[in-house]
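1. Prediction below, plus the sequence it came from.
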Amino acid sequence: MSRAYGLHFPLIIEDGQVLEPGLVQGIDASLRNILSWDYGKRFFNPAFGSRLNYMLGEGLTPNSLRALEKDIETAITEWEPRLSNLRISTEAIGQSIILNISANITNLDLPYQFNTGL
């Protein structure tokens, strides 16, 4: 696989740091990818993914939501090295779950936020 080196324009400078264009979009896509794969289902890498789909079928109790948060934190810690200081929270609204992920982008120490409905 080839990789392009050098600067990409336009340059985005925030808090004195040069941000890579598309960095946040890349992290968003990575999180969606991690959360959409079930453990054991990815060819050549069965440890990749999370237990999200399995856990959603278990019902919405406070204990199951805490277990879901812990599983998501474990999966992101394992597979997304660009994030640090993860804070995961879930909120049940009827039969839906709102997932909130707050973190810092590693090496840049910039805040990152990801929210989605499950």
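-> Sure, I can see it.
2. Helices of this structure, start to end?
-> Applying DSSP state H to the chain gives helices spanning 23-36, 52-56, 62-79.
3. low pLDDT regions in this protein?
-> 1-12, 18-21 (pLDDT under 70).
4. okay, which residue is most central for it?
-> Nearest to the geometric centre of the chain sits residue 31, at 3.3 Å (C-alpha atoms, centre = their mean).
5. quick one: that one and residue 77 touch, right?
-> No. Checked against C-beta atoms under 8 Å, the pair residue 31 and residue 77 is beyond contact range at 12.0 Å. Just so you know, the C-beta spots here come from the backbone N, C-alpha and C atoms, and that holds for glycine as well.
6. contacting residues for the closest residue to residue 56 other than its chain neighbours?
-> In space, residue 56 comes closest to residue 118 once its chain neighbours are excluded; the distance is 6.3 Å by C-beta to C-beta, 6 or more residues apart in numbering. Applying C-beta atoms under 8 Å, 6 or more residues apart in numbering to residue 118 gives the contacts 52, 56, 96-99.
7. Among these, the buried ones, what's the ChimeraX command?
-> The buried residues among the contacts of residue 118 can be selected in ChimeraX (16 or more other C-beta atoms under 10 Å) with this line:
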select :52,97,99
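8. returning to what we had before: if I look at the residue nearest to the centre of the chain, how far off is residue 13?
-> Look at residue 31 and residue 13: by C-beta to C-beta, to the nearest Å, they are 25 Å apart.
9. got it, and residue 95?
-> Counting by C-beta to C-beta, the gap from residue 95 to residue 13 is 44 Å.
10. And residue 74, by the same measure?
-> On the measure of C-beta to C-beta, residue 74 and residue 13 end up 34 Å apart.
11. ok, the two, which is more surrounded?
-> residue 74 (14 against 9; other C-beta atoms under 10 Å).
12. Around residue 101, how many other residues sit close by?
-> By other C-beta under 10 Å, neighbour count at residue 101 equals 24.
13. Can you name the residues bridging to the residue nearest to residue 89 when sequence neighbours are not counted?
-> Ranked by C-beta to C-beta, 6+ apart and with sequence neighbours excluded, the top spatial neighbour of residue 89 is residue 100, at 4.7 Å. With DSSP bridges as the criterion, residue 100 is bridged to residue 89, residue 115.
14. Cool, thanks, signing off.
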